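Colleague: Structure here, sequence nowhere to be found:
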C-alpha cells in the first residue's frame, strides 16, 4: 500500500496539470481496488496551503472533501512516531518538513512512495515509484 505524494493528488484535483494523465490513472486504480494507496492528513494540509497560494480559498477549502471522495484511498494520521522519524530524516537527509513527514509515514508503513520528487531517492529504505511509470 504505497503512499501517494501530493504531486499526484494535486495533479488529480487541478483542472489541468502536466501529470494529470498519470495521476488520473493512479486514482482510477485506487478506486477500482487494483492499487492500494494512502495519503496523510499532513499531505492534505500541505495541499490546502499550496492550493490557496496557487488558486484561491474556495479551492483550498475543497481539498479535504475532494480527497475523501476518492474511493478506497487511506488517510493516515500524524503520530508521535512519524514526527520523531521525520526529525531524523530532516537531520540526516535535509528534506523539508512536509517531505520528511511524507517519507517517515511511508517508512513506517510499506516503505513506498509514489512521487515525481526525487528527494525521496536519497532516503535509505524508502522506494520511490515515479507515477509516470504506472498506468
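Modeller: Received the coordinates, thanks. Keep in mind the model is a prediction, meaning the values are calculated, not measured.
Colleague: make it CA atoms for all contacts and neighbour counts henceforth
Modeller: Will do.
Colleague: Against residue 2, how distant is residue 53?
Modeller: Using Cα to Cα, to the nearest Å, one obtains 27 Å as the distance from residue 53 to residue 2.
Colleague: what about those two, which has more around it?
Modeller: Taking other Cα atoms under 10 Å, residue 53 and residue 2 do not tie; residue 2 has more neighbours (21 against 11).
Colleague: where do the strands sit along the protein?
Modeller: Using DSSP state E, the strands assigned to the chain run over residues 3-4, 37-40, 73-76, 112-114, 127-129.
Colleague: among these, which is the most enclosed?
Modeller: For those, the largest average neighbour count (mean count of other Cα atoms under 10 Å) is found in strand 3-4, namely a mean of 28.
Colleague: Mind giving me the packing neighbours of that one?
Modeller: Helices and strands touching strand 3-4, as assessed by 3 or more Cα pairs under 8 Å, 6 or more residues apart in numbering; DSSP states H and E, comprise strand 37-40, helix 97-107, strand 112-114.
Colleague: what separates the first one from the chain centre, distance-wise?
Modeller: Spelled out, that is strand 37-40. From the chain centre to the centre of strand 37-40 is a distance of 6 Å (Cα atoms, centre = their mean, to the nearest Å).
Colleague: Ok, stretch 103-116 next?
Modeller: The chain centroid and the centroid of stretch 103-116 are separated by 9 Å, computed with Cα atoms, centre = their mean.
Colleague: Quick check: end-to-end length of it?
Modeller: Using Cα to Cα, the end-to-end distance of stretch 103-116 comes to 13 Å.
Colleague: Would you mind listing the outside residues contacting that stretch?
Modeller: 1-8, 40, 76, 82-83, 85-86, 89, 120, 123, 125-131 (Cα atoms under 8 Å, 6 or more residues apart in numbering).
Colleague: Kindly report the same for stretch 13-28.
Modeller: 8-9, 11-12, 35, 63, 66, 70, 131-132, 134-135.
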